[in-house]
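Enquirer: what shape does this take:
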Amino acid sequence: MSVVRLEGVYKSFGDSAVLRGIDLTVEEHEVVALIGASGSGKSTLLRTINLLERIDDGQIWLHDDDISDPRVKVDAVRARIGVVFQQFNLFPHLTVLQNITLAARAVHGTSKPDATARGRALLDRIGLADFAGTYPDRLSGGQQQRVAIARAIATNPELLLLDEITSALDPELVGEVLDLVRELKAEGTTIVMATHEMSFARDVADRVVFLDAGVIAESGPHVLSAPQTARAQAFLARFNA
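Expert: Below is the predicted model of the structure:
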């Protein structure tokens, strides 16, 4: 069963075409890694799935629902998708626990006791149980990003979108965040992630999608180990060097 499906998706900003006819299907429990140079369209693709950017043409389906229909209720769609961005985007005036439980209570109508129990269980899982009452500015970058991931999965979303979640972290903090994503994969979470961490993509992704100038130039489990297109070979050569 496909969780998300893009058909002929186009997106431009002014005269700049960012996505040019994207066809992509992500199956249930699949982890898909988007790779490509800056400006290739990775982040924009994720933002169109979460309706942060409206597409110019094509269709996007979340399970059986056409979420690109302009009549769709945007908030209802976003409630079904978890998103983690490059920046942590935690609410500074809320404690760690309040950040994690906010969507469950305000959007999904979960009772405060149930949301709190779920939030504390997640904090225990990510090794931050002692920080429930702490404010985000007292945490390290790696801790904040783990909280952001916990917040994204607190409502059991149908799909998890990760947009370069380690790019704002110091190198020594990257591992603790990626370990959490590995755990989510092991649990069967459906994930689409944009990343520059090639070794991580090789270890975790079921399929790698190489974007080049707004098109999918190559896709498959082989892309990192044996790219077939000249553009993918040249891009990956920079990392291998």
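Enquirer: C-alpha only now, for contacts and for neighbours.
Expert: Noted.
Enquirer: which stretches of the protein form strands?
Expert: 2-13, 16-27, 31-35, 57-62, 65-66, 81-84, 159-163, 191-194, 207-212, 215-220 (DSSP state E).
Enquirer: in its sheet, what does the fifth one sit against?
Expert: Strand 65-66 has these partner strands in its sheet, going by DSSP bridges: strand 57-62 (antiparallel).
Enquirer: the strand it pairs with - what's its average pLDDT?
Expert: Mean pLDDT, strand 57-62: 98.
Enquirer: do stretch 85-102 as well
Expert: Mean predicted confidence for stretch 85-102 is 93.
Enquirer: also stretch 135-146?
Expert: 93.
Enquirer: list the buried residues in that stretch.
Expert: Tyr135, Pro136, Gly141, Gly142, Gln143, Gln144, Gln145, Arg146 (16 or more other C-alpha atoms under 10 Å).
Enquirer: what does stretch 158-167 give?
Expert: Within stretch 158-167, the residues that count as buried by 16+ other C-alpha under 10 Å are Glu158, Leu159, Leu160, Leu161, Leu162, Asp163, Glu164, Ile165, Thr166.
Enquirer: poorly predicted segments of this protein, please.
Expert: 241 (pLDDT under 70).
Enquirer: what sits against His93?
Expert: Residues near His93 by C-alpha atoms under 8 Å, 6 or more residues apart in numbering: Tyr135.
Enquirer: pretty sure Ile81 contacts Arg151?
Expert: No. In this structure Ile81 lies outside contact range of Arg151 using C-alpha atoms under 8 Å: 11.5 Å.
Enquirer: neighbour-wise, which of those two wins?
Expert: Using other C-alpha atoms under 10 Å as the criterion, Ile81 and Arg151 rank with Arg151 on top: 27 against 19.
Enquirer: re the thing from before, including distance to Gln59, could the buried residues of stretch 158-167 go into TSV?
Expert: Listed next are the buried residues of stretch 158-167 as TSV, based on distance: C-alpha to C-alpha, whole Å:
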residue	distance to Gln59
Glu158	18
Leu159	17
Leu160	19
Leu161	18
Leu162	21
Asp163	21
Glu164	24
Ile165	26
Thr166	30
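Enquirer: buried residues of the longest helix seen in the chain, list them for me.
Expert: In the chain, assigned by DSSP state H, the helix with the most residues is helix 171-186. Residues of helix 171-186 classed as buried by neighbour count (16+ other C-alpha under 10 Å): Leu173, Val174, Val177, Leu178, Leu180, Val181, Leu184, Lys185.
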